[in-house]
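Trainee: structure of the sequence below:
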Amino acid sequence: MDENIAEFLRRSILKIPLHEIKTILKTWDFLSDDQLETINLRQRKESLAQEIILLCEGKNASLDDMALLDIVYAQVHRHKKLWDVFEMTKEPGEDVDLFDMKQFQDSFKKILQRALKNALKVASKHHHMVHLNLRSRHLDSLKAIVFREYNQTFDSHNTTVPLQKGSFGLDVNLDSDIILENTEEKERIQRVTQETFGTYSQPQLEFAQYKLETRFKSDMSGGILADRKEPLRCLIKFSSPHLLEALKSLAPAGIADAPLSPLLTCIPSKKMNYFKIRDK
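Mentor: Numbers count the residues shown, from 1 in each chain. Got it, this is the predicted structure:
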């Protein structure tokens, strides 16, 4: 086995948690079940890696085999990576067919040595690839956003949605007019929130980033900012383990007014969580 391939395999084994090694190796499907049974997990990780390298040497493991092992590991630990989304399109007039996944995988492996974007385009028989400025560690959520696998209506507050029943915890000793006003406002906030986000779980994103470019506006002449030719630039980033659910809770919690800004609620409909905002 080439020493570079052996080193690639060694590093792959060292990063796999001990209790997952046999499961990942079995999914990799390069070593036989009998060979997997011989692996001794009760030893130091470095020694374990060398044992697996010896087993793979006997089967002439290649760089393609190592790439497949890395893919298996990435699938198991997909939440540890930040995934980007690309949109692929064909030339105008071409039929949009669903390509065979097995054929796609075989073709993709053969041309993996090329640049990744070209490999994807050739293997899937598409001609154009555009970055959607959408990133997350949660592949299922990215898939839900891209293919609109939810029944949400964003940036629209005209639809009447039945309210969820629940107590608002009002003080019965308050004046009846105040109680009515508080109740109506809470009902309005809840209705608008449901119309904006729906009553179901949101796709999971960890952040949204906004780059703002604007020119300083003032009636006063002179001054450093007024004479500045370059636009002012700033970066705003909202972060949360579950950003869309956090945004959904802002108005009901009294932290923000309802409805929220479309810049925040349009994230799934725009299929973006990276935005550039410039002066018109």
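
Trainee: can we go C-alpha only for contacts and neighbour counts from here?
Mentor: OK.

Trainee: how about the helices in the chain?
Mentor: Defined through DSSP state H, the helices belonging to the chain, from first to last, are 3-15, 21-28, 33-38, 45-57, 63-76, 101-110, 116-124, 139-146, 176-197, 243-250, 262-265, 267-270.

Trainee: for residue 83, which of those helices is the nearest?
Mentor: With CA to CA as the measure, helix 139-146 is the member of the helices of the chain nearest residue 83 (7.2 Å).

Trainee: which stretch in the helices of the chain has the least confidence?
Mentor: Among the helices of the chain, helix 116-124 carries the lowest mean pLDDT, a mean of 66.

Trainee: want to throw the helices of the chain into TSV with mean neighbour count and distance to residue 130?
Mentor: Conversion of the helices of the chain to TSV gives the following (neighbours: other CA atoms under 10 Å; distance: least, CA to CA, whole Å):
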stretch	mean neighbour count	distance to residue 130
helix 3-15	16	31
helix 21-28	16	31
helix 33-38	12	42
helix 45-57	17	39
helix 63-76	16	23
helix 101-110	14	19
helix 116-124	17	10
helix 139-146	17	13
helix 176-197	17	27
helix 243-250	18	24
helix 262-265	16	22
helix 267-270	18	14
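
Trainee: residue 206: which of the ones you listed is closest?
Mentor: Nearest of those to residue 206, taken as CA to CA: helix 243-250 at 5.4 Å.

Trainee: got the contact list for the closest one?
Mentor: Contacts to helix 243-250, defined as CA atoms under 8 Å, 6 or more residues apart in numbering, come from residues 193, 197, 201-208, 240, 256, 264.

Trainee: that helix to helix 176-197, inter-axis angle?
Mentor: With axes from the mean of the first three to the mean of the last three CA atoms, to 10 degrees applied, the angle from helix 243-250 to helix 176-197 works out at 160 degrees.

Trainee: roughly how far is helix 243-250 from the heart of the chain?
Mentor: Helix 243-250 sits 16 Å away from the centroid of its parent chain (CA atoms, centre = their mean, to the nearest Å).

Trainee: that older thread, which of the contacts of helix 243-250 has the weakest pLDDT?
Mentor: Least confident entry in the contacts of helix 243-250, by pLDDT: residue 201, with 87.

Trainee: need the contact list for residue 86.
Mentor: Contacts here follow CA under 8 Å, 6+ apart; on that basis residue 86 touches 129, 130, 131, 132.

Trainee: so who does the second one touch?
Mentor: In this structure, residue 130 makes contact with 86, 87, 88, judged by CA under 8 Å, 6+ apart.

Trainee: beta partners for it?
Mentor: Assessed by DSSP bridges, residue 130 has beta-bridge partners residue 87.

Trainee: and it, how far is that from residue 210?
Mentor: Look at residue 130 and residue 210: by CA to CA, to the nearest Å, they are 20 Å apart.

Trainee: then the last one?
Mentor: In this structure, residue 132 lies at 15 Å from residue 210, with CA to CA as the measure.

Trainee: list the contacts of stretch 12-27.
Mentor: 31, 33, 36, 41, 45, 46, 49, 69, 70, 72, 73.

Trainee: related to what we said a few turns ago, and the contacts of helix 243-250, which are buried?
Mentor: Applying a neighbour-count criterion of 16 or more other CA atoms under 10 Å, the buried members of the contacts of helix 243-250 are 193, 197, 202, 203, 204, 205, 206, 207, 208, 264.

Trainee: isn't the first one right next to residue 251, touching?
Mentor: Meaning residue 193. Yes: when contacts are counted by CA atoms under 8 Å, residue 193 is listed as touching residue 251 (7.4 Å).

Trainee: which neighbours do the two share?
Mentor: When contacts are counted by CA under 8 Å, 6+ apart, residue 193 and residue 251 have 258, 259 as shared neighbours.

Trainee: what about residue 77, neighbour count?
Mentor: 12 (other CA atoms under 10 Å).

Trainee: what separation do you get for it and residue 24?
Mentor: The value you get for residue 77 to residue 24, if CA to CA is used, is 11 Å.

Trainee: likewise for residue 49?
Mentor: In terms of CA to CA, residue 49 sits 14 Å off from residue 24.

Trainee: residue 239 now?
Mentor: Going from residue 239 to residue 24 by CA to CA gives 32 Å.
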